[in-house]
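Asker: how would this look folded up:
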Amino acid sequence: MPTMLGLVGVLLTLATLFAVINQKTLKLPLTIGVLLFTLVTSGLVMGLNALTPHQAFLSIPREILDTINLPSWLLDGALAILLFAGAMQVDLDHLIRRKFSIVALAILGTVLAVLLLAFAAWLIFPVLGVHVPISWCILLGAILAPTDPVSVVGMLRRLGLPPHLQAIFAGESLFNDGVGIVIFTLAIGVATGETATVTPGDVFMGFLHEAGGGIVLGIMTGWLMLQIVRTVDDAHIHLLASLALATGTYGLAHTLGMSGPIAVVAAGMSLGSVRGRTYIAGHSREELQTFWTLIDEVFNALLFLLIGLVIFAITPTWSNCILTLAIIPLAVLARGLSVFLSTVPMHLHPGKDRGRLLSILTWGGLRGGISVALALSLPEGALRNTLLPICYGVVVFTIFAQGLTMERVVHYLYPELGNQA
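Answerer: Below you'll find the predicted structure:
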């Protein structure tokens, strides 16, 4: 097995190779192209292994996955970088103007999505001959309810949606990850028997500590960083400070038992504030944006490569395929219904934008690395073997089916964007 540096080199080489092949052939968005060619290559390796099982072709990719430990790599490492990079790109003024819609979608919408999908799955599993306890169905809902900021923010860059809609979209996707992880953390204790019961008070206090504490911590660290960098005019120091802010905030939140994703989003948004643009401006601002854009692209490519490699950790069966095909439409419906219910006040006012917003938010609810990492972190056993392929199938469906058709949906609902282009 190569060293960690050698392993990173192998992964970067594969990501580059697949990106070049995609650019020369299909010309899909970079991350989706990398994922597609990783899945194709993985499928060929699995097929070759089935034809010549004595060669054990699957041992190397599975050893790579074990070495990387994707749940830990993403949830305790790369997530801080990816969320910070995404949060920096959000227009804070538009986000503040739409704060009530974003809070409703990120909190109420995520909770509703978890419960709606959990209940629907609990009803459908017995019909398909599978018994999954309600606590594990809630885990399924918590894994698949949050939208993926990596996919969503990257998609927003190229679609040219109206600024207010971009703010709602990005704000929800950046914050609902933290909400979903909080729900998952509370639910897994009950599902595995480590926690006897969870009362509504426990849920509220846990959420207040993790989510509320994360927001306060992120605002504080962001403010402190800005007070420090305002005293210097050096682009390299500003870059160093931004890295310290992203990783330090995430690590401190984890140590204090708060939500790292929510904390790092709040900290990253401080750089997009009026004060942040004032203290870090001109050449320093340009270098900062360029640096984090490049970091975001590199980590995205690696993440989608790893998502493609996760298929080696799954044992495909006809039963899993049928269950996945049943859950995919339920996940889309749960997303749409949760968006509608959490934004009911908006639908009470006349206007053509309400139906378009509901459609965009529903179909644009892509899942990604967060969902895969949470699914992989489930404890070993029969229930994990049932839920992991389902979660993986839903993630792949949303990335390909929804991600690749999103531009057409946007231009259909917002034809004026095409005219402007």
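Asker: can you pull the contacts of Val395?
Answerer: With contact taken as C-beta atoms under 8 Å, 6 or more residues apart in numbering, Val395 is in contact with 307, 367-368, 371-372. For glycine as for every other residue, the C-beta is placed from the backbone atoms N, C-alpha and C.
Asker: so which of those residues comes closest to Ala244?
Answerer: Checking the contacts of Val395 against Ala244 with C-beta to C-beta, the nearest one is Gly368 at 26.4 Å.
Asker: domain assignment for the chain?
Answerer: Split into domains by automatic domain parsing, the chain comes to 1-68, 70-420.
Asker: so where's the stretch 201-350 of the chain uncertain?
Answerer: 345-350 (pLDDT under 70).
Asker: now the helices for it?
Answerer: Assigned by DSSP state H, counting those that start in this stretch, the stretch 201-350 of the chain shows helices spanning 213-229, 235-255, 260-269, 274-279, 282-309, 318-342, 344-347.
Asker: hang on, the earlier thing: buried deepest among the domains of the chain, which one?
Answerer: Among the domains of the chain, judged by mean count of other C-beta atoms under 10 Å, the one packed with the most neighbours on average is domain 70-420 (a mean of 19).
Asker: how far does that one sit from the chain's center?
Answerer: Computed by C-alpha atoms, centre = their mean, to the nearest Å, the separation of domain 70-420 from the middle of its chain amounts to 4 Å.
Asker: hmm, back to that, okay if I get the contacts of Val395 as TSV plus secondary structure?
Answerer: Formatted as TSV, the contacts of Val395 follow (DSSP: H, G, I helix; E, B strand; the rest coil):
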residue	secondary structure
Ile307	helix
Arg367	coil
Gly368	coil
Ser371	helix
Val372	helix
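Asker: re earlier: the helices of the stretch 201-350 of the chain: which one's closest to Leu11?
Answerer: Between Leu11 and those, the tightest spacing by C-beta to C-beta is seen for helix 282-309, at 5.8 Å.
Asker: so that closest one versus helix 235-255, what angle?
Answerer: With axes from the mean of the first three to the mean of the last three C-alpha atoms, to 10 degrees as the criterion, the two stretches helix 282-309 and helix 235-255 enclose an angle of 50 degrees.
Asker: tell me what helix 282-309 is packed against?
Answerer: Packed against helix 282-309, as judged by 3 or more C-beta pairs under 8 Å, 6 or more residues apart in numbering; DSSP states H and E, are the following elements: helix 4-24, helix 30-51, helix 59-68, helix 79-88, helix 149-159, helix 235-255, helix 369-376.
Asker: which one of the ones you listed has the lowest average pLDDT?
Answerer: Of all the helices and strands packed on helix 282-309, helix 149-159 carries the lowest average pLDDT, namely a mean of 71.
Asker: quick one: average confidence on the helix or strand harbouring Val394?
Answerer: With secondary structure defined by DSSP states H and E, Val394 is part of helix 382-397. Taken as a whole, helix 382-397 has an average pLDDT of 95.
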